[in-house]
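A.B. asks: below is the structure, and that's it, no one-letter string:
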């Protein structure tokens, strides 16, 4: 909610006939399997393609990595999916979650 996008993003998206759903991910503390499952539950509600974004793609990519790991159990594949989705600085946190050592 505190990110200034320079426009009323919800109004623009809804004006194009699409649903706008805010899914706050505050940072490292929200990079969890639970948050990834919440995202998954949201995504399965849509039959159409879905656009996910954040300021840099870092948070989106991190959650995509955790979703992939939950689906496949393949850590390397999950990390690559995360990187492809924009994950950069949160890769270390994702690795901690994958290793079961979520706390810093």
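C.D. replies: Arrived safely. A quick note: this is a predicted structure, and the numbers were derived from the prediction, not measured.
A.B. asks: what's the following helix or strand after the longest helix along the chain?
C.D. replies: Longest helix in the chain, counting residues (DSSP state H): helix 58-72. Next along the chain after helix 58-72, taking DSSP states H and E as the criterion, comes helix 75-84.
A.B. asks: angle of that following helix against helix 58-72?
C.D. replies: 150 degrees (axes from the mean of the first three to the mean of the last three Cα atoms, to 10 degrees).
A.B. asks: just how off-centre is helix 75-84 within its chain?
C.D. replies: 13 Å (Cα atoms, centre = their mean, to the nearest Å).
A.B. asks: following it, which helix or strand shows up next?
C.D. replies: Next element after helix 75-84 (DSSP H and E): helix 91-99.
A.B. asks: the longest helix of the chain: which residues count as buried?
C.D. replies: 58, 59, 60, 61, 62, 63, 64, 65, 66, 67, 68, 69 (16 or more other Cβ atoms under 10 Å). In short, each C-beta sits where N, CA and C put it, glycine included.
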